[in-house]
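[1] Return a 3D structure for these sequence lines:
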Amino acid sequence: MKLKLVFISLIMLASMSLIVACSSNESGDNEGSSGQGDEVVVDLFNIKVETTDQLNNLIDIYESENENVKINVTTVGGGQDAPSALQAKFSSGEAPSIFLLGGLSDVEKYSEYLLDVSDMESAKTAIDGTLEGGSMDGTPYGIPLNIEGYGWMINKDIFERAGVDSSTIDSYGKFVEAVETIDSQKEELGIDSVFAFSAKEDWVVSQFSSHFTAPEFGNDVKTAFESNELNFEYGDRMKEYTDLFNQYNYQPILSLDYSTSVEELFANDRVAIIHQGNWIVPTLNSMDESFAQEKLGILPLFVSSDTEGEIVAGPSWYWGINKEHDEAVVEESKKFIDWMYTSDKGKELIVEDFKYIPSHEGYDTDSISDPVSAEVYEYLLDGNGKIWANNQYPDGFFSEALHPEFQKYLGEQQSWEEFEEAASNAFTEMR
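    Presented below is the predicted three-dimensional model:
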């Protein structure tokens, strides 16, 4: 009898083991899914250093709502060579799941990896025209990060104390007068210089150049990308602006980086003008929440006309998704980006935490909190926004050719004509 009971017990144990084994196998089959299986790990490559904290906060909230998802962030930027760092990731076999694309050159460069995002909600709700800078042959491969605009960011308080009403600067001549007026009162105003143009940063020089190359390309993204020539049709005005800020800039200009320019000098009322965009608002808010609300302003550049100023405004970056990863990772990457831009919580964070100008429909634009971002949005709506022409330059052009040649001019190592010739030749060769 005892032997019979033992035999029955062994059979029951064997059956239970089989059930557990089957259960384990079923879980294994779902490995990488976002359901009841193992954790899905998404690697995200970020270059927007100024909103790193905001991105990490958004991800924490997303992970709390999706317990089986882990999103790892690598942030490279702010003086570091982000394009090279991203390329190194792909070359080393550590390609990220989600990464930022700077324009059509990047779309072409990473085309074999990029997912067609047509079916994503965040593509369907993108504001008309904003997908263009991330599309090839009519197929979108990137979700626009936001709308960003840049020009001369100014400290209105310094302008006012110098007796300059920034709202009346409606021509290139008046801009020059304002600069000279502020410079003549540096000691009384307690400032180090008028400008803090950070010429050490290749991306700042690249963005500056876009004011003058966008009209040459007809202010059209596709034309800029397909052009084999850069002739500096507005090079004379670019030289005038360059000579102006170099004369009244914080020195040494060639070693002035983003952090020193924005965080040490501009945010601390030590300079009146920098060349940046509305993306500096979170940085300013982290130091003094009143600065962006009360002191920050933006002035356009007068390029194709002495009296009609424009800024560069539009989608700056695009989220690309790496289709070469496991299906579960690709699906979770899509789900995360859609949540960021279309969920109620995501939309709230985009406007209120990131301080972004939304590139998608369904947002309350009245909630754009800082005056400069609202002004950038108005420039765009009024048709006074130029394209991000620099994002359509040949791969490597701005870092390997434009920036070093521009620095040579600033350092009096070559003439402006030599700068234009060297940059133009490099543009054609690299295209």
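[2] and the end-to-end length of stretch 261-269?
    Using CA to CA, to the nearest Å, the end-to-end distance of stretch 261-269 comes out at 11 Å.
[3] in the stretch 251-400 of the chain, which spans are helices?
    Counting by DSSP state H, counting those that start in this stretch, the stretch 251-400 of the chain has helices at residues 258, 281-287, 289-294, 327-342, 344-352, 371-381, 397.
[4] I'd like to know which elements the fifth one is packed against.
    If I follow you right, that is helix 344-352. Helices and strands touching helix 344-352, by 3 or more CB pairs under 8 Å, 6 or more residues apart in numbering; DSSP states H and E, are helix 52-65, helix 327-342. Yep, even glycine has a C-beta here, placed from its N, CA and C like the rest.
[5] So which of the ones you listed is nearest residue 302?
    Residue 302 lies closest, by CB to CB, to one member of the helices and strands packed on helix 344-352: helix 52-65, at 33.7 Å.
[6] can you give me how far the closest one is from the chain middle?
    Between the mean C-alpha location of helix 52-65 and the chain-wide mean there is a distance of 18 Å, by CA atoms, centre = their mean, to the nearest Å.
[7] between it and helix 344-352, how big is the angle?
    Using axes from the mean of the first three to the mean of the last three CA atoms, to 10 degrees, the inter-axis angle of helix 52-65 relative to helix 344-352 is 170 degrees.
[8] which helices and strands sit right next to helix 52-65?
    Here helix 52-65 touches strand 40-46, strand 69-75, helix 281-287, helix 327-342, helix 344-352, going by 3+ CB pairs under 8 Å, 6+ apart.
[9] And the helices in the stretch 1-150 of the chain, which stretches?
    Taking DSSP H, counting those that start in this stretch as the test, the helices found in the stretch 1-150 of the chain are 2-29, 52-65, 82-91, 104-109, 121-124.
[10] can I have the second one written out in CSV, keeping just the CAs?
    As requested, the backbone C-alpha atoms of helix 52-65 are provided in CSV (Å, rounded to 0.1, in the frame of the first residue of the first chain):
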residue,chain,number,x,y,z
THR,A,52,18.4,65.6,-20.2
ASP,A,53,16.7,65.9,-16.8
GLN,A,54,13.3,66.3,-18.5
LEU,A,55,13.8,63.3,-20.7
ASN,A,56,14.8,61.2,-17.7
ASN,A,57,11.7,62.3,-15.8
LEU,A,58,9.5,61.4,-18.7
ILE,A,59,11.1,58.0,-19.0
ASP,A,60,10.6,57.4,-15.3
ILE,A,61,6.9,58.1,-15.6
TYR,A,62,6.6,55.9,-18.7
GLU,A,63,8.4,53.0,-17.0
SER,A,64,6.2,53.3,-14.0
GLU,A,65,3.2,52.7,-16.3
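[11] now the helices and strands packed on helix 52-65 as JSON lines including mean pLDDT?
    Shown next, in JSON lines, are the helices and strands packed on helix 52-65 (pLDDT from 0 to 100):
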{"stretch": "strand 40-46", "mean pLDDT": "97"}
{"stretch": "strand 69-75", "mean pLDDT": "97"}
{"stretch": "helix 281-287", "mean pLDDT": "90"}
{"stretch": "helix 327-342", "mean pLDDT": "98"}
{"stretch": "helix 344-352", "mean pLDDT": "94"}
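[12] For the closest residue in space to residue 307 that isn't next to it in sequence, which residues are in contact?
    Among residues not flanking residue 307 along the chain, residue 171 sits closest, at 4.8 Å (CB to CB, 6 or more residues apart in numbering). Neighbouring residues of residue 171 by CB atoms under 8 Å, 6 or more residues apart in numbering: 302, 306, 307, 309.
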